[in-house]
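In: sharing a model prediction with you, sequence too.
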Amino acid sequence: MPKGKRKGKSDRKYEGSVQTSDDDSVIDNVSLISGYSDHHSIDDGGEEADETSQQEAFEVKITEAIDGLTQKSSQGRTNCFTAVGKAFISKYHPDFVHDRRLTISDCIERGLRKGRGAEQAAAAQLAPLLCVQLGLREASEEITRNLKPVLSTIANDKTVAAPARSKCCTALGLLTFLSGDDMGDVLQLMQGFQHIFSGSYLKGDGTIPNVTPEVASLHAAALSSWTLLLTLMAACDVYTMIGNTTTFQPSLTQLSDLLLSPHLEVRLTAGEALATVFELGRDCHDDFAEDFVADLVETLRKLATDSHKYRAKKDRKQQRATFRDILHYIENDDISDVQVKFGTEVLVLDTWTRRKQYDALCYVLGPGLNIHLAENELLREIFELGDRIIVGEVPLKKSNKLERHLMNAAAFKARTISRAKNRDKRSDF
């Protein structure tokens, strides 16, 4: 496409034939504009034509980024993987992606096999986004079957950079979760994840292993994917698996060992894994792991009240908040509801299982998750949100400033009268 003649710092190019301002410029800008237009009613042909032109511009830019996935420059391909991923996050367009799914899938596989480091990480991160875009279509399962072998190979290859292996673990977990593989394959993959994060278990002499931050992030990613796949299992199967010492899955003792890791990410992920295990185990039998609870509660209480100065203030705050919730659940079998509002709808996260599934999708979709919750049939099915609400079926009326002022004034007057009565010493109450 012909470009204007303005020049400046923002005039950059993908390495190769694809032109854009920077990794996240034009696609982000166009997606923001088209996102805003969705929320306004279209009254005349001019606005409708404008929205159509924005959609066409968006598709042109994403097509250029897809074409750039085959260029010679490694950095250019990495930039294009990132750009396509950001486009998939910002807008849900399954028909457009379905027509190009094989091209994108082949480029992801080539980037994983022949790329190095950052390119492998960017390619792996795009894989689950492709399946999210395809939604409930059978093509999603086809993509998963094609990409799982190479993702699994890289995730277990110790010669590959740890950040790339982390992205592959996350992609593997999400692809399997979204495609709904056979439970035998799920258990085999969980065993592979356990083999990875077992590197953070205590040593035979009870000492904490020396793990670098990058490797710790890899262990946390593997454990997070293991927990995500655990949510696919029936409650009584989890009860039997965790209680059976002959299985290749981690025991409660091994999972609790991870709470002693010097790395915050591993500790938090281990705590969420234990909460999910206990939730599923108790769904089968109320007395699940009663003998283990006392020691676990003691460890959790220390983490929930940790005030060691050698840890960053932000880390201490995050740790205390997370482990207070986990401790409360383990002790009282009670979890506070979290409400996620998007548009006119509300998603209630009232179990650790649902929280884990939401967090996993939030990790890859980021700020675009609300868009997909509203429009993506796959995500709506996962969270049992029902059929998609068509824009226009529910009128979105926003009260004007005067109406809000009058309502607030009336509420204030009623509240003042009520409190005055209760303050009167002559009142019966």
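Out: Perfect, thanks for sending it. Residues are numbered from 1 along each chain as shown.
In: how is this protein divided into domains?
Out: Residue ranges for the domains of the chain, per automatic domain parsing: 182-326, 335-384.
In: compare those domains and give me the one nearest Arg77.
Out: Smallest distance to Arg77 across the domains of the chain (Cβ to Cβ): 19.8 Å, for domain 335-384. All C-beta atoms are positioned from the backbone trio N, CA, C, and that covers glycine.
In: now that closest one: mean pLDDT?
Out: Domain 335-384 carries an average pLDDT of 94.
In: just checking the distance from that domain to the centre of its chain.
Out: What separates the centre of domain 335-384 from the centre of its chain is 9 Å, taken as Cα atoms, centre = their mean, to the nearest Å.
In: now do stretch 167-187
Out: That offset, for stretch 167-187, works out to 14 Å (Cα atoms, centre = their mean).
In: out of the domains of the chain, which comes closest to Gly85?
Out: Evaluated over these, closeness to Gly85 peaks at domain 335-384, with 8.6 Å, by Cβ to Cβ.
In: okay, how far is it across the closest one, tip to tip?
Out: Distance across domain 335-384, first residue to last, is 20 Å (Cα to Cα, to the nearest Å).
In: the domains of the chain into TSV, with extra columns for mean neighbour count?
Out: Listed next are the domains of the chain as TSV, based on neighbours: other Cβ atoms under 10 Å:
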stretch	mean neighbour count
domain 182-326	17
domain 335-384	17
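In: of all those, which lies closest to Ser105?
Out: domain 335-384 (16.7 Å).
In: before we move on, back to that, put together CSV for the domains of the chain, with distance to Ala171 on each row.
Out: As requested, these are exported to CSV (distance: least, Cβ to Cβ, whole Å):
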stretch, distance to Ala171
domain 182-326, 9
domain 335-384, 8
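In: so for Leu102, which of these sits nearest?
Out: Using Cβ to Cβ, the nearest of the domains of the chain to Leu102 is domain 335-384, at 19.5 Å.
In: which stretches of the protein have low pLDDT?
Out: 1-51, 245-248, 391-399, 420-429 (pLDDT under 70).
In: how about the strands of it, start to end?
Out: Along the chain, counting by DSSP state E, strands occupy 338-342, 345-349.
In: for the first one, packing partners?
Out: Spelled out, that is strand 338-342. Here strand 338-342 touches strand 345-349, helix 369-375, going by 3 or more Cβ pairs under 8 Å, 6 or more residues apart in numbering; DSSP states H and E.
In: so what are the sheet partners of that strand and their directions?
Out: Strand 338-342 has the following sheet partners, assigned by DSSP bridges: strand 345-349 (antiparallel).
In: show residues contacting stretch 123-133.
Out: For stretch 123-133, the external contacting residues (Cβ atoms under 8 Å, 6 or more residues apart in numbering) are 81, 84-85, 88-89, 92-94, 97, 101, 104-105, 107-108, 111-112, 115, 140, 143-144, 147, 151, 154, 164, 167-168, 170-171, 174-175, 178-179, 361, 364-365, 372, 376, 378-379.
In: now the buried members of those residues.
Out: Buried positions within those, assessed by neighbour count (16 or more other Cβ atoms under 10 Å), are 81, 84-85, 88-89, 92-94, 97, 101, 104-105, 107-108, 111-112, 115, 140, 143-144, 147, 151, 154, 164, 167-168, 170-171, 174-175, 178-179, 361, 364-365, 372, 376, 378-379.
In: would you mind writing the CA trace of stretch 55-70 as PDB?
Out: Taking C-alpha atoms only, stretch 55-70 is exported to PDB below (Å, rounded to 0.1, in the frame of the first residue of the first chain):
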ATOM      1  CA  GLN A  55     -12.400  -3.200   9.000                       C
ATOM      2  CA  GLU A  56     -10.800  -3.400   5.600                       C
ATOM      3  CA  ALA A  57      -7.800  -1.500   6.800                       C
ATOM      4  CA  PHE A  58      -7.500  -3.800   9.800                       C
ATOM      5  CA  GLU A  59      -7.500  -6.900   7.500                       C
ATOM      6  CA  VAL A  60      -5.000  -5.400   5.100                       C
ATOM      7  CA  LYS A  61      -2.500  -4.800   8.000                       C
ATOM      8  CA  ILE A  62      -2.900  -8.200   9.500                       C
ATOM      9  CA  THR A  63      -2.500  -9.800   6.000                       C
ATOM     10  CA  GLU A  64       0.700  -7.900   5.700                       C
ATOM     11  CA  ALA A  65       1.900  -9.200   9.000                       C
ATOM     12  CA  ILE A  66       1.000 -12.800   8.100                       C
ATOM     13  CA  ASP A  67       2.900 -12.400   4.800                       C
ATOM     14  CA  GLY A  68       5.900 -11.200   6.900                       C
ATOM     15  CA  LEU A  69       6.000 -14.500   8.800                       C
ATOM     16  CA  THR A  70       7.900 -16.000   5.800                       C
END
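In: before I go, just wanted to say thanks for your time.
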